[in-house]
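S.K.: Here is the input, now give the coordinates:
(chains A and B)
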There are 2 protein chains.
Amino acid sequence: MEMNKPRLTAFRWVPIPFQGQVRDLPVRWALEEAGIAYEERLIEDDAHKALPYRALNPFGKVPVFEDTGIVLFESGAIVLHIAEKHGVLLPRDPAARARAQSWLIAAFNTVDPEVMSLGDIDHFAAQEDWAKQRRPQVVRQLTDRLRNVAAQLERHDFLAGEFSIADIMMIAVLRGLRHTSIVSEIPFLREYRDRCESRPAFQRALAAQLAPFARTASAA
Amino acid sequence: MEMNKPRLTAFRWVPIPFQGQVRDLPVRWALEEAGIAYEERLIEDDAHKALPYRALNPFGKVPVFEDTGIVLFESGAIVLHIAEKHGVLLPRDPAARARAQSWLIAAFNTVDPEVMSLGDIDHFAAQEDWAKQRRPQVVRQLTDRLRNVAAQLERHDFLAGEFSIADIMMIAVLRGLRHTSIVSEIPFLREYRDRCESRPAFQRALAAQLAPFARTASAA
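M.R.: Next up, the predicted model:
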């Protein structure tokens, strides 16, 4: 039934550097991998600052995911919910499952903070003195972390052996580096990224995020 | 049986500013709340850089949690595992559970990156020019985020209504600000922190983390 489809909230438009890396992407990707139809609600770039929206997402960010009486925010919580509710995208073997859950959190808490630090510098402060002084350290620390990720991929195609929500989130995080060659310079990581991003479900998810941006631009 | 106790890996000693905020703390706290006995393995500050340990934690960090054939790293994944395996510290009501899961991830991915940015400045770069220029912006952005957290606590004692792993992780993250007055200056957040940290299980967990540091210091 139509009314039972979950509803995903995303932005109608974002500036070009962020197109293709807003965090509704991993949610769309998980839904596409699992073959789950969903409704889309698009909000304007300033609607998320308004109080009614804060009741759904306290930080005024996207995505929000509404699914038969429950509301989730934070893409990581949403992909975990999708995996658990539908029994998909998480290994059944307990050891591999533990590995997938560990890597899911590592993507957020160990890799993403370094990616965000570089993004803050490159997108919002590139011309500031502090940013110029700080950038080499950030790149060095980030590269160290990424080499630890790459080391896991020498013997496995995916972080937990089979493809899982850990890969969905790690790739979503790594997309914050598209304006650099950092990922491309680490062979196992480059191959891993290409392997994940060539999946048809990823391609459909990316197209779904980008479609409203193109419509908005041509209407402007 | 003794051999069925899970095993937690933590550091034997860390520098004073980090004592009481290493990330085995939320794991110990969750175990104490749930009444689960565990074994402790303490490693030296440089053992975590060695290759054998990287097989357990790819980033060479603590904690690691070994539980009957499975290995987890990242404190968030571990507390989630404890909550799910033992049916504790997560609300049973689906809407409240979704809220707890969302806040758990928000603690890591939305609040902690800002806390880490300030920690990097204050603990590792306080005298550098870039850090002096950057600090006010970091404090402003962090305070904005924390006000969003505090807004949730105006009508609830805990983030998901009842005490949950979301509170355990949020408090673990906020402890990275103990060297500042930022939390104390936001009344609802200060009261929330005090409410959580006065729990006997927290006090036992904190004492357990600190005990080896004191032994190591007195043996030195």
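
S.K.: contacts and neighbour counts: CA atoms only from here.
M.R.: Will do.

S.K.: close to chain B, is whichever strand or helix holds A:Pro52?
M.R.: Assessed by DSSP states H and E, A:Pro52 sits inside helix A:51-54. No: with C-alpha under 8 Å from any C-alpha of the partner chain as the criterion, chain B is not reached by helix A:51-54; the gap is at least 8.8 Å.

S.K.: mean confidence for that helix?
M.R.: Here helix A:51-54 scores 81 as its mean pLDDT.

S.K.: after that helix comes which helix or strand?
M.R.: With secondary structure assigned by DSSP H and E, helix A:51-54 is succeeded by strand A:64-67.

S.K.: by contact count, what packs against that following strand?
M.R.: Applying 3 or more C-alpha pairs under 8 Å, 6 or more residues apart in numbering or on different chains; DSSP states H and E, one finds that strand A:64-67 contacts strand A:7-11, strand A:70-73.

S.K.: Against B:Ser218, how distant is A:Phe59?
M.R.: For A:Phe59, the distance to B:Ser218 (C-alpha to C-alpha, to the nearest Å) stands at 45 Å.

S.K.: that older thread, can you pull the buried residues of the helix holding A:Pro52?
M.R.: A:53-54 (16 or more other C-alpha atoms under 10 Å in any protein chain shown).

S.K.: between A:Phe59 and B:Ser218, who's got more neighbours?
M.R.: A direct count of neighbours by other C-alpha atoms under 10 Å in any protein chain shown for A:Phe59 and B:Ser218 places A:Phe59 higher, at 22 against 8.

S.K.: how about the closest residue to the more buried one other than its chain neighbours, phi and psi?
M.R.: Leaving aside its chain neighbours, A:Phe59 sits nearest to B:Asn148 (6.0 Å; criterion: C-alpha to C-alpha, 6 or more residues apart in numbering or on different chains). When read as degrees, to the nearest 10, the backbone of B:Asn148 gives phi -70, psi -40.

S.K.: ditto for A:Glu40
M.R.: Backbone dihedrals for A:Glu40, given as degrees, to the nearest 10, come out at phi -120, psi 130.

S.K.: Does the residue nearest to A:Phe59 touch A:Ala55 like I think?
M.R.: No: counting by C-alpha atoms under 8 Å, A:Ala55 is not a contact partner of B:Asn148; they are 10.7 Å apart.

S.K.: Show me what from chain A comes close to chain B.
M.R.: Counting by C-alpha under 8 Å from any C-alpha, chain A sits next to chain B at A:58-59, A:69-74, A:76-78, A:81, A:94-95, A:98-99, A:101-102, A:104-106, A:108-109, A:112-113, A:116-117, A:129-131, A:133-134, A:145, A:148-149, A:152.

S.K.: What's the PyMOL line that selects buried ones from those residues?
M.R.: Buried residues within those, by 16+ other C-alpha under 10 Å, are selected in PyMOL with:
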select buried, chain A and resi 58+59+71+72+73+74+76+77+78+81+95+98+99+101+102+104+105+106+108+109+112+113+116+117+130+131+134+145+149+152
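
S.K.: So which of the residues of chain A next to chain B sit within helices?
M.R.: Secondary structure from DSSP state H places A:76-78, A:81, A:94-95, A:98-99, A:101-102, A:104-106, A:112-113, A:116-117, A:129-131, A:133-134, A:145, A:148-149, A:152 of these in helices.
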